[in-house]
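A.B. asks: Okay, structure incoming, though there's no sequence with it:
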């Protein structure tokens, strides 16, 4: 399957189109040089400084700590094979927060635990459908 990407001005495969979205695969957000705020997903306008903000692209390190989490034991259709799994709110070292899945044994997850981002398969549309990837998190080695 091919699509036309207006912003890039070319025809490309769906997989290539998704790879071009840097915020999705590289944890690319924005940083405001005026208030020193960090934002993910990227913002065009600083929510604190508004139009006075000086926004710049920023790639997050992908490390942080678990603020809170829940263990999903009964998943929606298509995710039953993953249970149990952990979904957490992770506060990056830069200060912004993101919701993400923590890979590993749910019994080992704790509030305050250090984690780092990894690139993993998120799902597949069907047996022969498109596979999509993104960011998940694992415990950070000491």
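C.D. replies: Yep, that arrived. Just so we're clear, the structure is a prediction, and the values are computed from it rather than from any experiment.

A.B. asks: Once you drop chain neighbours, what's closest to the residue of the chain positioned farthest from its centre?
C.D. replies: Distance from the C-alpha centroid of the chain, by CA atoms, centre = their mean, peaks at residue 52 (27.4 Å). Nearest residue to residue 52 in three dimensions, chain neighbours excluded: residue 34, at 6.0 Å (CB to CB, 6 or more residues apart in numbering). Glycine gets a C-beta too; all of them are placed from N, C-alpha and C.

A.B. asks: hang on, that neighbour in a strand?
C.D. replies: No. Assigned with DSSP: H, G, I helix; E, B strand; the rest coil, residue 34 falls outside any strand and is coil.

A.B. asks: Contact partners for it?
C.D. replies: Residues in contact with residue 34 (CB atoms under 8 Å, 6 or more residues apart in numbering) are 46, 49, 52-54.

A.B. asks: Can you turn the buried part of those residues into a ChimeraX selection?
C.D. replies: To isolate the buried members of the contacts of residue 34 in ChimeraX, using 16 or more other CB atoms under 10 Å:
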select :46,53
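
A.B. asks: Let me know the closest of the contacts of residue 34 to residue 114.
C.D. replies: residue 46 (28.4 Å; CB to CB).

A.B. asks: Tell me the bridge partners for that closest one.
C.D. replies: residue 50 (DSSP bridges).

A.B. asks: The closest residue to residue 114 other than its chain neighbours - how many residues pack around it?
C.D. replies: Closest residue to residue 114 apart from its sequence neighbours, by CB to CB, 6+ apart: residue 140 at 4.0 Å. Using other CB atoms under 10 Å, residue 140 has 14 neighbouring residues.

A.B. asks: Same question for residue 101.
C.D. replies: 17.

A.B. asks: what does residue 37 give?
C.D. replies: Residue 37, neighbours per other CB under 10 Å, totals 19.

A.B. asks: separation between it and residue 26?
C.D. replies: 19 Å (CB to CB, to the nearest Å).

A.B. asks: doesn't residue 136 make contact with residue 117?
C.D. replies: Yes. Between residue 117 and residue 136 there is a contact under CB atoms under 8 Å: 7.4 Å.
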